[in-house]
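# take a look and give me a structure for this.
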Amino acid sequence: MKKAVLAVVTGAAVVAAALVPSGPAVQAATEAGAHSAPRGFGSALSSVEQLSWQTNASVNAVAVAGNLVFAGGLFTRVRPPGKARGVGDVARKYFVVLNRTTGVPTRFAPQVNGPVWSVDTSPDGRWVVIGGDFTVVDGVSRSHVAMFDTATGKLVTGWDPVVNFRVAAVKITDKTVYLGGSFGLVDKMTRNRLAAVRLDTGTLLPWSPDANDDVHAIEVSTDGERVFVGGGFTRIGGRNDHALAMLNATTGAVLSMRAAGAIPAKTEGCDSRVKDLEVQGNKVFASNAGTGSVSCYDGVLAADATTGKLIWQSHCQGATEAIKAIGNWLYKGSHAHNCSADGGFPDKTGMHHLLVYSTITGKLGPWFPNTDAGGETLVGPLAFASGGNDLWAGGDFTEVNGVPQEGLTRFTSAPGGAAPARPAAPKVASARANKVTISFPTVLDRDNIALTYVLYRGTTRIGAWSRSSNSWTKPTVTTVTDPGLSSGQKLSYRLEVSDGRNVQKSPAATVKVR
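Next comes the predicted model:
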């Protein structure tokens, strides 16, 4: 028999609220990058990775509450940034809790005996629930799901739904915990891959949509009335719906979601599954990973969270495992290798594991950090979480922006950003009397597509131009004529490139005026 834990929840709530520190204040993020001038970057976040501890294997799930970051996965130890495996590391088997400000592990260190595949925190930040393959937590039986008090780090006594197989998705509302995964029974009752329990007691609820294949992601509409589920199913709630469905949050009834029709039907040659979901306002975003043919759908779509109508859809190739909306930007983790269908980079330009889209238009935005894909999945990023002005990324990578960093990293909105590449000296020539011709190519900046180019003759400013560039296109060359000069003069020209905050100066180039 289950123990009632309502008293624990209500009694500890005040303590939790007092002890969990709040995160840094959220800064506004705009569509057009209006903050790029003072901050140095065009989206909500800088592409410069910030220090955090790392893991010795994959991170599968990340969540944030106040000033705490919760990460679960396949790892067994964690270590400081910049350190090789085995150097300065400490034991944290399958689950670690970090300080969101410093990136350092806290004393909140539960003992979990198996991999963690899902993590979520309650809206008030008081509770964190993990799901996975484990059966024992802190020496107590817990069948694939467990709840902790974030203020004390203690396992919640009596909250113990018994799930018979992997819990791969968790979503918490103010009263309910929704579970998804590969299971078929909860508390010995049939619950095929989807279930709901009470937040206060863990008691199983009647909600039972019944999916015929694995569920990888769960999200809830802002008003709490609809539940979005993603996975590999082809039938749910008695209907033939593939990969993405919208359900009534109370009854589990399947609601019409026309956007799901944008995902190709499962065939022998293509199985496209929804791997992550994100709700922001009245939009829901879904990310897909396809297996089978090269063209099997791997993209991201945006839908109306009330009507289910498709708003926009991207068609980048390369499985998308993680998405997170911050301001007017949707960050994604994938092994994207061809975004030509979206007006982006073509195939054979390398793997772009970290990208950003406009939540409004679905177009690629100005954010190009990168990881490798060093683990078993060969994807790189697998999970995202945010406190509003940062992005925590977990995965199977071993490098971030070319620097060793395994399993976990973070990006923030701290001003600075990546500087533009240093421009070469401009090319100068004087082929006609009293004139000099100057030309210069565009350079790259991981945080901006458009940069400002200012040309100087000595200390005299000749002009300024805004030019856009991408790593997958040839540089644009600007040619300028400087007229009205005196024959025989020896002049020096140089270029400055700015992203609004960081300035790079070229070497000078000299020429004798004809």
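# quick check: closest non-adjacent residue to residue 510.
The spatial neighbour of residue 510 that comes closest, neighbours along the chain excluded (C-beta to C-beta, 6 or more residues apart in numbering), is residue 492 at 4.9 Å. C-beta here means a position set from N, CA and C on the backbone, and glycine is covered the same way.
# for the host helix or strand of that neighbour, enumerate the helices and strands it packs against.
In this assignment (DSSP states H and E), residue 492 forms part of strand 490-498. When contacts are defined as 3 or more C-beta pairs under 8 Å, 6 or more residues apart in numbering; DSSP states H and E, strand 490-498 sits against strand 436-441, strand 450-457, strand 503-505, strand 509-512.
# possible to save those as CSV with mean neighbour count and distance to residue 66?
Converted to CSV, the helices and strands packed on strand 490-498 look like this (neighbours: other C-beta atoms under 10 Å; distance: least, C-beta to C-beta, whole Å):
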stretch, mean neighbour count, distance to residue 66
strand 436-441, 20, 47
strand 450-457, 19, 36
strand 503-505, 15, 37
strand 509-512, 15, 54
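# before we move on, back to that, and the residue nearest to residue 510, how many neighbours?
14 (other C-beta atoms under 10 Å).
# surely it and residue 512 touch.
No - counting by C-beta atoms under 8 Å, residue 492 sits too far from residue 512 to count as a contact (11.0 Å).
# what residues do the two have in common as contacts?
With contacts defined as C-beta atoms under 8 Å, 6 or more residues apart in numbering, no residue is adjacent to both residue 492 and residue 512.
# looking at the helices and strands packed on strand 490-498, which is closest to residue 72?
Each of the helices and strands packed on strand 490-498 has some distance to residue 72 by C-beta to C-beta; the shortest is strand 450-457, at 39.1 Å.
# direction included, what does that closest one pair up with?
Within its sheet, strand 450-457 is paired with strand 460-468 (antiparallel), strand 490-498 (antiparallel), according to DSSP bridges.
# in CSV: those, plus distance to residue 287 and mean pLDDT.
Output for the strands paired with strand 450-457, formatted as CSV (distance: least, C-beta to C-beta, whole Å; pLDDT from 0 to 100):
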stretch, distance to residue 287, mean pLDDT
strand 460-468, 27, 97
strand 490-498, 34, 98
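# how close does the residue nearest to residue 510 sit to residue 425?
Applying C-beta to C-beta, to the nearest Å, the value for residue 492 to residue 425 is 10 Å.
# now residue 367
29 Å.
# more neighbours, these two?
Legend: neighbour count by other C-beta under 10 Å for residue 367 and residue 425, higher for residue 367 (27 against 15).
# ok, now which ones touch that one?
41, 42, 43, 45, 47, 329, 331, 354, 355, 356, 446, 447.
# wasn't it part of a strand?
No - Residue 367 is assigned coil when assessed by DSSP: H, G, I helix; E, B strand; the rest coil, not a strand.
# Three-state assignment for the residue lying closest to it once chain neighbours are set aside, please.
Excluding the flanking residues, the one nearest residue 367 by C-beta to C-beta, 6+ apart is residue 356, at 4.0 Å. Secondary structure, three-state DSSP: residue 356 is strand.
# across the sheet, point out what pairs with residue 356.
Beta-bridge partners of residue 356, as defined by DSSP bridges: residue 331.
# that one touches residue 333, doesn't it?
No - look at residue 356 against residue 333 with C-beta under 8 Å: they stay out of range, at 10.7 Å.
# picking up where we left off before, overlap of the contact sets of residue 492 and residue 425?
Common contacts of residue 492 and residue 425 (C-beta under 8 Å, 6+ apart): 508, 509.
# list the residues that contact residue 46.
39, 40, 411, 412, 413, 414, 415, 416, 417, 418, 447.
# do that again at 6 Å, thanks
Applying C-beta atoms under 6 Å, 6 or more residues apart in numbering to residue 46 gives the contacts residue 417.
# what of the one 5 residues further on?
Shown here is residue 51, whose contacts under the criterion C-beta under 6 Å, 6+ apart are 81, 103.
# mind checking pLDDT for it?
At residue 51, the predicted lDDT confidence score is 97.
# quick one, phi/psi of it?
Per-residue torsions, residue 51: phi -70, psi 140 (degrees, to the nearest 10).
# what of residue 39?
Torsion angles, degrees, to the nearest 10, at residue 39: phi -100, psi -20.
# hang on, residue 339 packs against residue 317?
No - using C-beta atoms under 6 Å as the test, residue 339 is too far from residue 317 to be in contact (7.6 Å).
# so what sits against both of the two?
What both residue 339 and residue 317 touch, as defined by C-beta under 6 Å, 6+ apart, is an empty set.
# do a quick rundown of the strands in the stretch 201-350 of the chain.
For the stretch 201-350 of the chain, the strands defined by DSSP state E, counting those that start in this stretch cover 215-220, 226-231, 244-248, 254-255, 270-280, 283-292, 300-304, 310-313, 320-326, 329-336.
# tell me the helices and strands packed up against the longest one.
If I follow you right, that is strand 270-280. strand 215-220, strand 226-231, strand 283-292, strand 320-326 (3 or more C-beta pairs under 6 Å, 6 or more residues apart in numbering; DSSP states H and E).
# can you redo the ones you listed as JSON lines with mean neighbour count and mean pLDDT?
Formatted as JSON lines, the helices and strands packed on strand 270-280 follow (neighbours: other C-beta atoms under 10 Å; pLDDT from 0 to 100):
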{"stretch": "strand 215-220", "mean neighbour count": "25", "mean pLDDT": "98"}
{"stretch": "strand 226-231", "mean neighbour count": "26", "mean pLDDT": "98"}
{"stretch": "strand 283-292", "mean neighbour count": "23", "mean pLDDT": "95"}
{"stretch": "strand 320-326", "mean neighbour count": "25", "mean pLDDT": "98"}
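# can I get those in TSV including distance to residue 471?
Listed next are these as TSV, based on distance: least, C-beta to C-beta, whole Å:
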stretch	distance to residue 471
strand 215-220	30
strand 226-231	31
strand 283-292	23
strand 320-326	20
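# looking at those, which is closest to residue 151?
Using C-beta to C-beta, the helices and strands packed on strand 270-280 put strand 215-220 closest to residue 151, at 23.9 Å.
# neighbouring strands for the closest one, and are they parallel or not?
Assessed with DSSP bridges, strand 215-220 is paired to strand 226-231 (antiparallel).
# by how many degrees do the partner strand and strand 300-304 diverge?
Interaxial angle of strand 226-231 relative to strand 300-304 (axes from the mean of the first three to the mean of the last three C-alpha atoms, to 10 degrees): 160 degrees.
# output strand 226-231 as PDB, restricted to C-alpha atoms.
C-alpha atoms of strand 226-231 as PDB (Å, rounded to 0.1, in the frame of the first residue of the first chain):
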ATOM      1  CA  ARG A 226      -3.600  19.500 -23.400                       C
ATOM      2  CA  VAL A 227      -0.700  17.000 -23.300                       C
ATOM      3  CA  PHE A 228       1.600  16.700 -26.300                       C
ATOM      4  CA  VAL A 229       3.400  13.300 -26.800                       C
ATOM      5  CA  GLY A 230       6.100  12.300 -29.200                       C
ATOM      6  CA  GLY A 231       7.700   9.000 -30.100                       C
END
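# now the residue nearest to residue 420 when sequence neighbours are not counted, which residues is it bridged with?
Nearest non-adjacent residue to residue 420, counting by C-beta to C-beta, 6+ apart: residue 445, 4.2 Å away. With DSSP bridges applied, residue 445 shows beta-bridge pairing to residue 448.
# give the burial count for residue 445, as a bare number.
Neighbourhood size, residue 445 [other C-beta under 10 Å]: 26.
# could you do residue 309 as well?
If you count neighbours by other C-beta under 10 Å, residue 309 ends up with 12.
# roughly how far apart are it and residue 512?
Distance of residue 309 to residue 512, given as C-beta to C-beta: 66 Å.
# distance check, the residue nearest to residue 510 against residue 426.
From residue 492 over to residue 426 (counting by C-beta to C-beta), the distance is 10 Å.
# what about the helices in this structure?
Ranges of helices in the chain, per DSSP state H, are 6-19, 36-39.
# before we move on, back to that, closest one to residue 181 among the helices and strands packed on strand 270-280?
strand 215-220 (6.0 Å).
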